[in-house]
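*Asks:* Here is a sequence together with a model predicted from it:
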Amino acid sequence: MISASAMALEANRDTINALNVFPVPDGDTGTNMLLTLRSVIDGMPNDTSQSANDVAKIIARSALLGARGNSGLILAQYFKGLSEAIGEESELTGEHFAKSIRYASDAAYKALPNPVEGTMLTVYRECAEIAEAAAAKNPDLESVMTIVAEEALKSVQRTPGLLPILAEAEVVDSGGFGFAVMVDGALRSLKGEEPFGREIQVPMPNGTDFTGSIKADFVDASEENDWGYCTVFAIESAEIDVDKLRNHMADIGRSAVVDGSEGIAKVHVHMEDPGQALTAGLAYGQLSNIEIANMDSQASHWASDRREDSETTQSASEKRLPIAVVAVAMGDGLSDLIVSTGMGATSVLKGGDTMNPSVSDLLKAVESAPSDTVILLPNNKNIVPAALEVHDLTEKDVRVIPTRSVQTGVAALLEFNDTVSIDENEEAMNDVVGEIGDGRVCRATRDANVYGHEIREGMAFATFNDDIVSVGGDPQFVLTKLIESKAEDAEIITVYTGESIPREQVRSTAELLEGKFGDIEIEVVYGGQPHYDYLVAVE
Amino acid sequence: MSIAVVTDSTSDLPVDIAKQHDISVVPLNVHIEDDTFLDGITISAAEMYRRLPDQKVIPTTSAPSIGTFLEVYEKLAETHDEIISIHISAKLSLTHGSAVNAAEEMMAKGTRVEVVDTQQASMALGWTAVQVAELTTGGGSIEEAVALAKSAAGRASFIGMVDTLEYLVRGGRIGKARGFVGSLLRVQPILTLIEGEAHPVARVRNRNKGLAELQKMVAEAAPLDKLAVLYTTEEDVAEQIANSISDYAPGGEAVVAQLGPVVGNYLGPGTLGLGLIRSDSGA
């Protein structure tokens, strides 16, 4: 049944990802949920002699360990609920199902510091209510699940009414939809309806169509052992044979999605060598909007939970230290910067917006850190909840500094002092977290209306502490607007340039900004982060 | 029974204060290429910092010889009964060792010389010598002087905000502040001496934040017996800091002192710092 849910998620993953717009469209909810589910499937014992209770416990643990992102973590609560509800019994009933949703709802509301309505939480809660009522009337699993499957979609449909940002962006909640999709898959498996995973229409309010999805004709990704690089680009040419291009991409890569018309085609393909895809694409026309993301660590994690080498790319020295630091970051420049600033005690775990490390990844990094006392810098607000879970899973003394961005993480790391106590470090680092303003400049990956700003795909926009402050065609222009808006209160501004910015532009950007904002101390350094052209820390 | 107070040139004691308290200051040596200078005597701080950034061969320093100490002790023994000799951290310099050797020879000749390793440097050492001199001129015994030297040194702090860690690293005095080295971000490291070696205190992103940090450290250390603001090259900034923290200074005025050639060789131009002693009651 869980496998069926995974299939259902698989079939709808891109839609779910595309729904994920809040507050920056980072599009990974579907992936996060799917990877969380897969870790559950991988964790299932082959040994059938174990009791249902033991199996449920194993499932709950692997869900938590494999949880990625907020959505994954919320999903893990459901499996924990399932394990609690089944107890010693051998068969899942409608009552158990209702109980597990109730548990998931209660636990998820508690797990988040600021529960927001109109999200997966709301869907859980409303499903729990209807499931309890249904189970009281008829405790048959199929009957309860049928009612919940319907209610889940209705609940999802109502989310834009509860969360204005969803209404503005003309989407429904992605995590909630993911849950509805899973229930649908489970129900189809229960009824024996093939295929278990089917594409489900997004329940938009007023019955309109959700248009933001890429066509979800992925090959079954469960066959993939290696995702390599997710390579996305557009090809422009007067005449493109889209079918030929699609076949070509399917030949050389995996999960090829090619769509196009009227002189432009969009290619999405997973392959080991992204250069090969680009070279192949060049034969069809001019390339633009190239995006390459490394998906290896996600996929390989899923492939083998027992993999020995952790994703810690730059480890601190082997000798035992009084305190070690584990920081999450993406980008070679940021990794170097963090290691250089980390007093020889800091290791970097790869991760960020589009790749939230799982609880298990974080736990592994903490376990392999060369000290029994570890400071954990999640450096992303979606990773903070997973980081907080590590505490209960290790014998080590772990202190999580709730750094909501990598910029804040670097500022916190500057407070690190390996000669004073962990308590003093924790206090000093926590103090600085509130003093840093986070700015980001990136290009929209899809058309969206965010906080009343019409943002077209490919346009640059700047956010500051999650508010949109500037929109424009050129990232550097948007960056100067962002700094201009904060210049009055700022003393020091640090700009981390992304991988999309050529290294030689680091200096010219610094000169430009220093010339424009003489009163503020501005430091521009190479960060090499994906997705964001610039990350900005304002002190 | 009179007691002579001796220290070394790494105390960075301003000449007038040393004179006022009748403290003998034994100079260390500064070696620049083939030339040897006496710290603060044949080479001034100003001259040192003018030459420092352009030196291809890194200047080095050396402890006063046993003979130098013997000369000073013998001369003092003519007019004093006992000598207390108060020095820079033995982890940073062999000065203490030279003094101990000279003291043993003096003992053999019948003059008691007590040598104290303060585990400090600069005005944290300088103020310790001053407090001891205040005790001995008031009639304190040599035992009381030794006890006070140890207690004052324990309450003293030498804090430096350096422009770069380069001088500390190349001079081999980075100590426990090693972890501060190498950050790819522009930072101003603040260091202190703990148990005789350099320790990291904080890294700040610019001068203003650094000055604010120094002020905060003074406020936290108060009440104070002694307070000096230290600089290598920027007297005006040091004066500004002194004004901003004068409320914490005993007598309402912080002393401004220049770091001498030996200490400055390891901290470099652009260094600002503090030398202070906390009050006994506050400890």
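*Replies:* Good, I have the coordinates.

*Asks:* Could I get the phi/psi values of whichever residue of chain A sits closest to chain B?
*Replies:* In chain A, the residue that lies nearest chain B is A:M343 (2.8 Å; Cβ to the nearest Cβ). The C-beta positions use only the backbone N, C-alpha and C, and glycine is treated the same way. With angles defined as degrees, to the nearest 10, A:M343 sits at phi 60, psi 30.

*Asks:* who touches the residue of the stretch 51-200 of chain B found nearest chain A in this structure?
*Replies:* The minimum distance from the stretch 51-200 of chain B to chain A, using Cβ to the nearest Cβ, falls at B:G179 (2.8 Å). Residues in contact with B:G179 (Cβ atoms under 8 Å, 6 or more residues apart in numbering or on different chains) are A:G342, A:M343, A:G344, A:A345, A:D418, B:P200.

*Asks:* what about 7 Å?
*Replies:* Each residue near B:G179 by Cβ atoms under 7 Å, 6 or more residues apart in numbering or on different chains is listed here: A:M343, A:G344, A:A345, A:D418, B:P200.

*Asks:* Then A:M343?
*Replies:* With contacts defined as Cβ under 7 Å, 6+ apart, the neighbours of A:M343 are A:F416, A:D418, B:G179, B:F180.

*Asks:* ditto for B:V201
*Replies:* With contact set as Cβ under 7 Å, 6+ apart, B:V201 has these partners: B:I159, B:I190, B:L191, B:T192.

*Asks:* Quick check: closest non-adjacent residue to B:T192.
*Replies:* B:I159 (4.8 Å; Cβ to Cβ, 6 or more residues apart in numbering or on different chains).

*Asks:* Over to that neighbour. Which of the three states is it?
*Replies:* Put simply, B:I159 is strand when judged by DSSP: H, G, I helix; E, B strand; the rest coil.

*Asks:* So it sits against B:Q215, correct?
*Replies:* No: the pair B:I159 and B:Q215 fails to qualify as a contact (Cβ atoms under 7 Å) at a distance of 11.4 Å.

*Asks:* quick revisit: mind checking which of the contacts of B:G179 are in strands?
*Replies:* B:P200 (DSSP state E).

*Asks:* Closest one to A:S71 out of the contacts of B:G179, please.
*Replies:* Proximity to A:S71 was ranked across these by Cβ to Cβ; first place goes to A:A345, at 32.3 Å.

*Asks:* hang on, isn't that closest one packed against A:P322?
*Replies:* No: in this structure, A:A345 is not within contact of A:P322 by Cβ under 7 Å, at 8.3 Å.

*Asks:* Overlap in contacts, those two.
*Replies:* Common neighbours of A:A345 and A:P322, using Cβ under 7 Å, 6+ apart, are A:D418.

*Asks:* neighbour-wise, which of the two wins?
*Replies:* A:A345 (23 against 14; other Cβ atoms under 10 Å in any protein chain shown).

*Asks:* quick revisit: between B:I159 and B:Q215, which has more neighbouring residues?
*Replies:* Shown here are B:I159 and B:Q215; by other Cβ under 10 Å, B:I159 has more neighbours (23 against 15).

*Asks:* Mind listing the residues bridging to that one?
*Replies:* According to DSSP bridges, the residues that bridge with B:I159 are B:T192, B:L274.

*Asks:* Can you tell me how far it is from B:A133?
*Replies:* 23 Å (Cβ to Cβ, to the nearest Å).

*Asks:* Kindly report the same for A:E89.
*Replies:* From A:E89 across to B:A133, the span is 86 Å (Cβ to Cβ).

*Asks:* Same check on B:K226?
*Replies:* 12 Å.

*Asks:* What of B:T233?
*Replies:* Looking at B:T233 against B:A133, where the rule is Cβ to Cβ, the gap reads 29 Å.

*Asks:* Neighbour count: those two, which is higher?
*Replies:* Relative neighbour count places B:A133 above the other of B:T233 and B:A133, with 24 against 21, counting by other Cβ under 10 Å.

*Asks:* Let me know the secondary structure of the more buried one.
*Replies:* Reduced to three states by three-state DSSP, B:A133 is helix.

*Asks:* Please tell me I have it right and it contacts B:Q20.
*Replies:* No: contact criterion Cβ under 7 Å: B:A133 and B:Q20 do not qualify, at 8.9 Å.

*Asks:* could you pull out the helices for the stretch 1-150 of chain A?
*Replies:* Under the criterion DSSP state H, counting those that start in this stretch, the stretch 1-150 of chain A carries helices at the ranges A:2-19, A:29-43, A:52-66, A:69-86, A:94-111, A:120-137, A:141-162.

*Asks:* Quick one, which of these gets closest to A:D273.
*Replies:* helix A:29-43 (21.8 Å).

*Asks:* would you turn the contacts of B:G179 into CSV with distance to A:P402 and pLDDT?
*Replies:* Compiled in CSV, the contacts of B:G179 are given as follows (distance: Cβ to Cβ, whole Å; pLDDT from 0 to 100):
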residue, distance to A:P402, pLDDT
A:M343, 21, 88
A:G344, 24, 86
A:A345, 20, 89
A:D418, 21, 90
B:P200, 24, 94
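
*Asks:* And the nearest residue to B:K176 once chain neighbours are set aside, how far from A:P502?
*Replies:* The shortest distance from B:K176 to any non-neighbouring residue, by Cβ to Cβ, 6+ apart, is to B:H199 (4.7 Å). From B:H199 across to A:P502, the span is 41 Å (Cβ to Cβ).

*Asks:* swap in A:V348?
*Replies:* As judged by Cβ to Cβ, A:V348 and A:P502 stand 23 Å apart.

*Asks:* More neighbours: which of those two?
*Replies:* A count of neighbours by other Cβ under 10 Å puts A:V348 above the other of A:V348 and A:P502, at 29 against 10.

*Asks:* wait, is that one part of a strand?
*Replies:* Yes: remark: A:V348 belongs to a strand, assigned using three-state DSSP.

*Asks:* Model confidence for it, exactly?
*Replies:* Note on A:V348: pLDDT of 94.

*Asks:* now do A:E262
*Replies:* Note on A:E262: pLDDT of 54.

*Asks:* For the residue nearest to A:N380 when sequence neighbours are not counted, name its beta-bridge partners.
*Replies:* Beyond its immediate neighbours in the sequence, the residue positioned closest to A:N380 (Cβ to Cβ, 6+ apart) is A:G352, lying 5.8 Å away. Assessed by DSSP bridges, A:G352 has beta-bridge partners A:M355.
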